[in-house]
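Asks: dropping the sequence and predicted coords here.
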Amino acid sequence: MSIIEIENLTYTYPGGKKPSIDDISLKVNKGEFVLITGPSGCGKTTLCRCFNGLIPNFYQGELKGEITVKGLKTSSKQTYELAKYVGLVFQNPENQLFALSIEKDVAFGLENLGVNRKDIRKRVDWALKQVGIYDLRERSPHEVSGGQQQRVAIASVLAMRPELIVLDEPTSFLDPLSAEKIFKVIHELNTKLGITVVLVEHRLDLTARYSDRIIIMDKGKICQDGKPRKILISEETRLLGVGIPKATLLYHMLTKDGCNLDNSIPLSSEELASFLKESLETHD
């Protein structure tokens with residue numbers, strides 16, 4: 001069952017000469033982990049802003065086509081109504097953090113929805129435990145590390161119990177180790193809680209292994225859409241300048257040079273090491 005349905009969506013920012021997203025049609029199924037990538041300026045962030053009604057409720061401009069989320073037309077719903085179903089995590093977590101303590105930040109959305117105090121307490125504690133920062137709940141969000149701030153932002157969204165979480169390059173300010181920890185948290189939310197995830201990200205080395213599907217955008221359009229192993233091995237993807245995982249590139253080079261690897265295409269160094277080990281054992 002589709003949780004997002006987009007038909008012929010085109011959007012141009014005020015004063016823009018060209019559309020930022022151009023005639024996009026797309027469906028995302030409930031429970032999917034969808035990874036969106038592509039060159040800078042290709043329309044990824046603009047598309048994310050459409051999912052929770054920031055476009056057209058906050059950003060003006062010209063919007064054509066139709067987008068429905070959880071059966072609701074975003075063009076006729078306010079952002080606060082869509083927030084019950086869609087959680088958006090921004091690129092910079094500090095843009096979402098403003099309270100004096102982490103637990104107050106996480107509780108903010110629930111208070112605005114009028115959730116009773118007892119339920120707020122339960123949901124805040126649950127969300128903090130899900131992302132592994134319950135012990136930091138009384139700390140100021142501006143006194144913790146960047147990775148911990150990102151977990152606070154995710155917990156703030158998670159406490160609302162949305163069915164869909166959209167994350168716009170949530171680890172762009174983090175080192176690879178901290179980023180990997182965040183991606184593991186997101187993956188667990190998807191697999192254990194069944195939350196639909198739409199992740200915009202360039203670091204495919206860290207994220208491709210978790211995705212069910214990869215969408216590649218360029219110049220406001222969707223160029224590629226399919227299973228990660230098929231998309232990342234294609235010549236078209238390479239020519240678009242997408243950061244293909246190094247393990248996938250190495251696998252492609254080895255097979256081109258005549259190395260007989262019978263396994264499926266690796267998306268991570270761990271998978272490639274396992275495939276090479278199996279291949280060596282087979283030929284011994």
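Replies: Done, it's in. Numbering: from 1, shown residues only.
Asks: from now on I want contacts and neighbour counts done on CA atoms only, so please keep to that.
Replies: Noted.
Asks: pull the longest strand from the chain.
Replies: Ranked by residue count under DSSP state E, the longest strand found in the chain is strand 2-12.
Asks: can you list the strands that it pairs with?
Replies: Strand 2-12 has the following strand partners under DSSP bridges: strand 21-29 (antiparallel), strand 62-69 (antiparallel).
Asks: of these, which is nearest S274?
Replies: Closest approach to S274 among these (CA to CA): strand 21-29, 31.0 Å.
Asks: alpha carbons only: can I get that closest one in CSV?
Replies: Provided in CSV are the C-alpha atoms of strand 21-29 (Å, rounded to 0.1, in the frame of the first residue of the first chain):
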residue,chain,number,x,y,z
ILE,A,21,11.3,19.6,-9.5
ASP,A,22,10.0,18.9,-13.0
ASP,A,23,7.0,16.6,-13.7
ILE,A,24,7.8,14.0,-11.1
SER,A,25,5.6,10.9,-10.6
LEU,A,26,6.4,8.6,-7.7
LYS,A,27,5.0,6.1,-5.3
VAL,A,28,6.5,5.0,-2.0
ASN,A,29,5.1,2.0,-0.2
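Asks: from the chain's centre, how far out does that strand sit?
Replies: Its chain's C-alpha centre and that of strand 21-29 lie 16 Å apart, by CA atoms, centre = their mean, to the nearest Å.
Asks: what of stretch 197-205?
Replies: 6 Å.
Asks: what's the span of it, first residue to last?
Replies: Stretch 197-205 has an end-to-end distance of 18 Å (CA to CA, to the nearest Å).
Asks: also stretch 105-121?
Replies: For stretch 105-121, the first-to-last residue distance is 12 Å (CA to CA).
Asks: for that stretch, buried residues please.
Replies: 105-110, 120 (16 or more other CA atoms under 10 Å).
Asks: show residues contacting stretch 88-96.
Replies: With contact meaning CA atoms under 8 Å, 6 or more residues apart in numbering, stretch 88-96 is reached by 52, 142, 146, 149-150, 153-154, 157, 165-173.
Asks: sort out which of those are buried, if you could.
Replies: Of these, these count as buried by 16+ other CA under 10 Å: 52, 142, 146, 149-150, 153-154, 157, 165-171.
Asks: now for those: which two are most distant?
Replies: Among those, N52 and H142 lie farthest apart (CA to CA), at 26.2 Å.
Asks: do a quick rundown of the helices in this protein.
Replies: 44-51, 54-57, 79-82, 102-112, 117-130, 146-158, 176-193, 204-207, 228-231, 235-239, 246-256, 269-283 (DSSP state H).
Asks: could you save the ones you listed as TSV and add columns showing distance to T12 and mean pLDDT?
Replies: Listed next are these as TSV, based on distance: least, CA to CA, whole Å; pLDDT from 0 to 100:
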stretch	distance to T12	mean pLDDT
helix 44-51	10	93
helix 54-57	10	91
helix 79-82	19	86
helix 102-112	30	93
helix 117-130	36	94
helix 146-158	28	91
helix 176-193	31	90
helix 204-207	28	92
helix 228-231	28	91
helix 235-239	26	84
helix 246-256	35	80
helix 269-283	40	73
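Asks: of those, flag the one that's most buried.
Replies: helix 146-158 (a mean of 25; mean count of other CA atoms under 10 Å).
Asks: and this protein, what are its domains?
Replies: 1-85+162-177+192-228, 98-161, 245-284 (automatic domain parsing).
Asks: ok so, going back, which stretch among the strands paired with strand 2-12 comes nearest D212?
Replies: Here strand 21-29 is closest among those (CA to CA), at 10.6 Å.
Asks: list the buried residues of that closest one.
Replies: For strand 21-29, by 16+ other CA under 10 Å, it's 21-25, 28.
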